[in-house]
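Visitor: Give me a model of this one.
(one chain, ligands or ions: 1)
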Amino acid sequence: MAEPKRCRATSTTPAADLPEAKRQKTDSAGHGASRAPTADLDGALRTPDSDGPKSGQIADGDAVSPTTNPTANPAESSRQDTASSRRRVRLRRDATTLSSKTPSTTSPPSLRKARAKLLTPASQPSEDPDPAPTNHAATQPIFEVTSVEGKGRGLIARTAIRKGQFVIEEKPLLQFSLDKQLPDVQEEIEKTIDAMPDATKEEWQSLILRDKGPDIEHSLATMAKALALPSAHGSGAVFSTISLVNHHCSPNAHYNWDGRKGVGTVYSGHDIEAGEEITVAYIDYREPFHRRRRTLKRRFDFECRCDTCHLVGSERGELSDGRRTLIQRLTAGVRNEQRIKEMPGQCLEECHDLMEIIKQEFWKPAWILLAETCWDALRVVAAHSDKDRAAGFVKRAHRTFAKCEGLHTERVTELETMMEDVTYHKLWGACCDMKCSYRDRFGARPPAVRETVPWEGLSKKERKERRERENQLEELWLWGFEKSASST
Ligand SMILES: C[S@@+](CC[C@H](N)C(=O)[O-])C[C@H]1O[C@@H](n2cnc3c(N)ncnc32)[C@H](O)[C@@H]1O
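Guide: Sure, this is the predicted structure:
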């Protein structure tokens, strides 16, 4: 077994960054405050994909210049400082005019509780059956780099990794535009490599994929593309360790670009056993087999050897491909602005179906896809000012995204603001001028989550059953699907 590779950037605990996260939250709240609550749905509606690259999918966008450390540029950071102080001034102005909508500076108990839960250190025993992002790796490497049959090198878990556990965070060795033509990328990369310190150059050299044959070794651009994962504004980033994580079409971990820190992060998507390979998705893995294969060949020049691609017969065709096609179709449907406007009830039901199919297709739930569906459902109910459901979706989306991406991403910060006041959603009330009632749009109001019958006089067994039922109801309510709760 190969010597474990040293991972460089695993020492930042989420708790250590809390003050900075809070500052950003205030900024984000200001954004919300400055937005008209009845923004036009057509203009304001944003698909989650347009927020930046998500789910390991490479997004198209602006070019970025290659750099080994995007945050180290003093001119850039002073520009960011000026921009953020200008934003704070604007925020204060918004706060005076919209004082009734501005969240209090101290977090409400619900938010404090949620944060505290998510920040439970890994070393402390947690009561939470579904624990939150933690940072074991700071003290003990939780993976090793070793060779994996048919895939070259890969990351193998050394210890059991729990769902939502932090695996690694790393600054890229280099970044380059994914939109440019190969010769231009080649030039861009050559310049960056020339400017690298010797140690970084060596790290880059060690990444070179020998199995791609002699040609690829001569084409830096093709090599970099084969190693790159999405980063800021449609650029690709090559990492010393993260670029060694192999692809899987039902991955057990989630790669994300943290634009605020300028680092790539990996969090486990579900429990991973010691000895199991840690995998992420390089592409949108909701696609059916043939499309995934084409995209992987075109962008990364390899044929996937994961278990999902090795399914045969109807297991792959009718079942896996059928479900993934349906997942894609339903996802497009629930993000369609016209449908959100005209048939929100239907969209919400489809979000529910979507979650069920996602749970069926991925033998361990694909949490990031569930979180994105929750985010989609939130947009539907927010556009129609459904406060009850929106609060449930916000809570669930926050919890799940925080597990997949950590606490610092734009989306998680935005959700925290909404946990204080859900009407900060960009689309809040965008469809409220519609001439139909709440009942027409969503059906009857959701039933109360907690039963009002008193507990006195119940036997121990009855109390236990009641508690279980209430927990079940609460779980469904958290997902926002009260209708299902009443039908169970
Ligand atoms: C970003 S690198 C990952 C690290 C690589 N295994 C190495 O040894 O350096 C991507 C390359 O790994 C291999 N690879 C990754 N995932 C794979 C998979 N699911 N099936 C087959 N090969 C894979 C392919 O050769 C691909 O071009």
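Visitor: For the ligand, what's its nearest residue on the stretch 1-150 of the chain.
Guide: Going by C-beta to the nearest ligand atom, the ligand is nearest to Gly150 of the stretch 1-150 of the chain, at 5.8 Å. (Each C-beta comes from the backbone N, C-alpha and C, glycine too.)
Visitor: which residues does that residue contact?
Guide: Gly150 makes contacts with Arg305, as judged by C-beta atoms under 8 Å, 6 or more residues apart in numbering.
Visitor: switch to 10 Å and redo it
Guide: 246, 302-303, 305 (C-beta atoms under 10 Å, 6 or more residues apart in numbering).
Visitor: repeat for Gln186
Guide: Neighbouring residues of Gln186 by C-beta under 10 Å, 6+ apart: 176, 180, 219-224.
Visitor: and the closest residue to the ligand within the stretch 51-200 of the chain, how many neighbours?
Guide: For the stretch 51-200 of the chain, the residue closest to the ligand is Gly152, as judged by C-beta to the nearest ligand atom, at 2.6 Å. The local packing of Gly152 (other C-beta atoms under 10 Å) involves 14 other residues.
Visitor: can you tell me the helix or strand for Arg324?
Guide: Arg324 is part of helix 322-334 when elements are defined by DSSP states H and E.
Visitor: Same question for that helix: list its buried residues.
Guide: By 16 or more other C-beta atoms under 10 Å, the buried positions in helix 322-334 come out as 323-324, 327, 330-331, 333-334.
Visitor: Next secondary structure after it?
Guide: Note on helix 322-334: by DSSP H and E, the next helix or strand toward the C-terminus is helix 337-342.
Visitor: on contacts alone, who are the packing partners of that next one?
Guide: helix 41-44, helix 322-334, helix 344-361, helix 367-383 (3 or more C-beta pairs under 10 Å, 6 or more residues apart in numbering; DSSP states H and E).
Visitor: Counting neighbours, which bits of that helix end up buried?
Guide: Using 16+ other C-beta under 10 Å as the test for burial, helix 337-342 gives 337, 339-341.
Visitor: Show me what from the protein comes close to the ligand.
Guide: Counting by C-beta under 6 Å from any ligand atom, the chain comes close to the ligand at 150-154, 209, 211, 226-227, 243-244, 246-248, 300-302, 304-306.
Visitor: Please list the members of those residues that lie in helices.
Guide: Applying DSSP state H to the residues of the chain next to the ligand, the entries found in helices are 226-227, 300.
Visitor: List only buried entries from these.
Guide: Among these, those scoring as buried are 226-227, 300 (criterion: 16+ other C-beta under 10 Å).
Visitor: any chance of those in TSV, with distance to Ala366 and pLDDT too?
Guide: Shown next, in TSV, are those (distance: C-beta to C-beta, whole Å; pLDDT from 0 to 100):
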residue	distance to Ala366	pLDDT
Ala226	25	86
Leu227	24	89
Phe300	20	88
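Visitor: and which of the residues you listed is nearest Thr279?
Guide: Comparing these against Thr279 with C-beta to C-beta picks out Phe300 as the nearest, at 13.7 Å.
Visitor: Quickly list the domain ranges of this structure.
Guide: Following automatic domain parsing, one gets these domains for the chain: 14-424, 449-487.
Visitor: Flag whichever of the ones you listed has the least confidence on average.
Guide: For the domains of the chain, mean pLDDT drops lowest on domain 449-487, to a mean of 55.
Visitor: and the residues of the chain next to the ligand, which are buried?
Guide: 151, 153-154, 209, 226-227, 243-244, 246-248, 300, 302, 304, 306.
Visitor: the strands in the chain, which residues?
Guide: All strands of the chain, identified by DSSP state E, fall at 143-148, 152-157, 166-170, 174-177, 229-230, 235-238, 246-247, 253-258, 263-268, 277-280.
Visitor: Save those strands as a markdown table, and put in distance to Lys395 too.
Guide: Converted to a markdown table, the strands of the chain look like this (distance: least, C-beta to C-beta, whole Å):
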| stretch | distance to Lys395 |
| --- | --- |
| strand 143-148 | 31 |
| strand 152-157 | 30 |
| strand 166-170 | 22 |
| strand 174-177 | 35 |
| strand 229-230 | 28 |
| strand 235-238 | 32 |
| strand 246-247 | 32 |
| strand 253-258 | 20 |
| strand 263-268 | 19 |
| strand 277-280 | 26 |
